[in-house]
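J.: Predicted coordinates and the sequence they were generated for:
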Amino acid sequence: MLDEEKGQKFANKDSIDDSERASTEAGRSRWARRLLALGVEERGVKPVPPEHRTDSGYDKIFFVWASMNTNILSFSAGTLGPVVYGLGLRDACLVILFFNLLCAAPPAYLTTWGPKTGMRQMVQARYSFGYFGVILPCILNLIGMCGFCILNSILGGQTLASVSSHNLSWTVGIVIITIVSLFISFCGYKVLTWFERVAWIPVVIVYVVALGVSGKHLYNFEGAEPATPGAVLSFASIIVGFVVTYSPLASDFTIYFRPGISSFRLFLYSYFGFLLPIVPLQCLGAAVAGVASSQPEWEAGYAGDNVGGLVEAMLHPVGGFGKFLTVLLSLSVAGNIAATFYSMSINLQLFVPFLWVVPRYVFSVVGTAIVIPLAIVGAHSFYDTLTNFLSLIGYWAGAFIAVILVEHWFFRKSDLRAYDPMIWNRPRELPSGLAAVGAAILCFGLVIPGMDQVWFVGPIAKTTGDLGFEFAFFATVILYIPFRMLEIKIRKRL
């Protein structure tokens, strides 16, 4: 019934009418037509009609998330537990396991909306934040995605440079990594999903070999002081910021799936696509960082927070083959950067709404131009960049998820048919967004006292540790319900 109703809507009155489509075709350049003929994806934020939603490969979404996270950034996030917060291996691994089990659920759940609505995640957000209000989460999401691309580019560049005994600069390594990622993102969905299907394989081989030749040293983990609640919660905020921030781009990769596909199976494939790489790699990062100081070669490689150098030192016993594996590991970040560039191109179209007519791949180039200089600038303060960034982006993601879930469960009664695809681009028919934006902003009155950052520690956080994400989520839920009820009462519609 859902498919038939939505099919009728698209058939009777498409989101782009025939005259508009004809105008678009006429104005398309010869170069753009050639790219389209080669299979480069042009579609950006426009909803996908049901007849074009034909994909049924559950494993595609599993490998998208798995390859995005089977890389050196997951490893480096785990190192923060012992290095920055002084946690022992057991405590660090328990935090990693528990908070990933919890926080992988929201993005996995939101991936199931793509096949039913045919809409990208931030387009769906217009049904709560409004046509103009969604610009705020778009900006924050763009900052978050740029941040992840910068961190991945730095790590990839560091790792590539470490193989050449630093004859190759970090800057050149960063440029190489981002250009490779740009090509994959530029091509679009088909090339991206093919690449993600295979990108994880060499990375797993690298870590298996590293464990095989250096695993004996992991038993030398130095004893740590008993974990304090503040250290546990602050490290937890890092883990939360790492995984939950996939929520604002979750359904970007599932809009071509069949509307009738099993949501439960799609959720499971997505959920384990996050968990299976993230938990082991973060735990491995915690273990390796905890013993690095007791191994002179590892400590030398790790100098200056060079995570790539640390991994290269682990692989040093296998000689030239180890350098080859390190090159593969450096390229592993392309799986994350390419997929993130892909979603960045969507968000840029929503950030400036009239740009939705510009082909998606143009914005992949724009994203690359933004990331390269910022990565070069941030390369030599990696740990400060990583710690501050992952903590902060978790706060806004908590507010965003709260609004999206309350809107869906409470106001739209968990009915995806309530997201009319015909009004995705009509400001007057969408919510005003005042309730969502107001709740998301006002929640920071409670978030700020619960923040624990290098540059600011709130009065609550001084006692408890970082509770910013938790406060952002629950405060937004409490505020959004009455605000949205008032908005509906005034406007007399959703």
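T.: Sure thing, it's come through.

J.: When you work out contacts or count neighbours from here on, use the C-alpha atoms and nothing else.
T.: OK.

J.: Please state the backbone phi and psi of the residue sitting nearest the centre point of the chain?
T.: When CA atoms, centre = their mean is applied to the chain, the residue found nearest the centroid is Y246 (3.6 Å). Backbone torsions for Y246, taken as degrees, to the nearest 10, come to phi -80, psi -10.

J.: quick one: contacts for the nearest residue to it once chain neighbours are set aside?
T.: Using CA to CA, 6 or more residues apart in numbering and skipping the chain neighbours, the partner closest in space to Y246 is P107 (5.7 Å). Taking CA atoms under 8 Å, 6 or more residues apart in numbering, we find P107 in contact with V244, T245, Y246, S247, P248, A250, Y271.

J.: Please report how far the residue nearest to the centre of the chain lies from A300.
T.: Distance of Y246 to A300, given as CA to CA, to the nearest Å: 34 Å.

J.: tell me the SS of the residue nearest to Y246?
T.: Here P107 is helix, with the state taken from DSSP: H, G, I helix; E, B strand; the rest coil.

J.: Give me the pLDDT value at it.
T.: Note on P107: pLDDT of 97.

J.: From F272, how far off is it?
T.: According to CA to CA, P107 stands 11 Å off from F272.

J.: Repeat that for G81.
T.: G81 is 23 Å from F272, by CA to CA.

J.: Looking at those two, which is more packed in?
T.: Neighbours were counted for G81 and for F272 using other CA atoms under 10 Å; G81 has more, 32 against 19.

J.: who touches that one in this structure?
T.: Taking CA under 8 Å, 6+ apart as the test, what G81 contacts is L87, G88, A92, F235, A286.

J.: quick one, what contacts I154?
T.: Per CA under 8 Å, 6+ apart, neighbours of I154: W170, I174, A375, I376, G378, A379, F382.

J.: Farthest-apart pair in the residues you listed, please.
T.: Spatial extent of the contacts of I154 (CA to CA) is set by the pair I174 and F382 at 13.2 Å.

J.: more crowded one of those two?
T.: Neighbours were counted for I174 and for F382 using other CA under 10 Å; I174 has more, 28 against 18.

J.: Against Q158, how distant is that one?
T.: 8 Å.

J.: same thing with P115?
T.: 39 Å.

J.: ok, now G130?
T.: 41 Å.

J.: related to what we said a few turns ago, most neighbours out of the contacts of I154, which is it?
T.: Within the contacts of I154, I174 tops the neighbour count with 28 neighbours, counted by other CA under 10 Å.

J.: wait, it sits on L151?
T.: No. I174 is not in contact with L151 according to CA atoms under 8 Å; the separation is 10.1 Å.

J.: joint contacts of the two?
T.: What both I174 and L151 touch, as defined by CA under 8 Å, 6+ apart, is the set A375.

J.: Flag the shaky bits of the stretch 51-200 of the chain, pLDDT-wise.
T.: For the stretch 51-200 of the chain, residues meeting the criterion pLDDT under 70 lie at 165-166.

J.: Apologies, that question was intended for the stretch 301-450 of the chain.
T.: Looking at the stretch 301-450 of the chain by pLDDT under 70, you get 304-305, 380, 382-391.

J.: what are the ranges of the helices in it?
T.: 307-314, 320-331, 334-351, 360-378, 382-406, 434-442, 444-447 (DSSP state H, counting those that start in this stretch).

J.: For the last one, which helices and strands make contact with it?
T.: It refers to helix 444-447. Counting contacts by 3 or more CA pairs under 8 Å, 6 or more residues apart in numbering; DSSP states H and E, helix 444-447 packs against helix 468-491.

J.: any idea how far C187 lies from A199?
T.: Taken as CA to CA, the span from C187 to A199 is 16 Å.

J.: Comparing those two, which residue is more hemmed in?
T.: Counted by other CA under 10 Å, C187 and A199 do not tie: A199 has more neighbours, with 25 against 22.

J.: ok now do that one, which residues does it touch?
T.: S67, S332, G335.

J.: residues contacting the second one?
T.: If a contact means CA under 8 Å, 6+ apart, then S332 has T70, N71, I72, G156, A199, W200, P202, V203 as its contacts.

J.: If you tally nearby residues, what's the number for R265?
T.: 12.

J.: likewise F354?
T.: 10.

J.: And K492, by the same measure?
T.: Residues near K492, counting by other CA under 10 Å: 9.

J.: Could you pull out the strands in the chain for me?
T.: Using DSSP state E, the chain contains no strands.

J.: how about the helices in the stretch 101-250 of the chain?
T.: Along the stretch 101-250 of the chain, the stretches classed as helices by DSSP H, counting those that start in this stretch are 105-111, 113-117, 121-124, 126-129, 135-163, 170-187, 189-214, 229-243.

J.: tell me which residues in stretch 257-274 are buried?
T.: 257-259, 261, 263, 266-274 (16 or more other CA atoms under 10 Å).

J.: right, and T368 touches L182 too?
T.: Yes. Using CA under 8 Å, T368 is in contact with L182, at 6.7 Å.

J.: what is in contact with the two at once?
T.: F341.

J.: Can I get the contacts of I154 in TSV including distance to Y207?
T.: Compiled in TSV, those are given as follows (distance: CA to CA, whole Å):
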residue	distance to Y207
W170	22
I174	22
A375	25
I376	27
G378	26
A379	24
F382	22
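
J.: count of residues packed around G445?
T.: By other CA under 10 Å, neighbour count at G445 equals 12.

J.: Then V437?
T.: V437, neighbours per other CA under 10 Å, totals 24.

J.: wait, what's in contact with it?
T.: Neighbour list for V437: F129, G133, L136 [criterion: CA under 8 Å, 6+ apart].

J.: if we can go back for a sec, out of the buried residues of stretch 257-274, give me the two with the largest separation.
T.: Using CA to CA, the buried residues of stretch 257-274 span at most 22.9 Å, a distance reached by P259 and F274.

J.: looking at it, A289 is touching T79, isn't it?
T.: Yes. Judged on CA under 8 Å, A289 makes contact with T79 at a distance of 5.3 Å.
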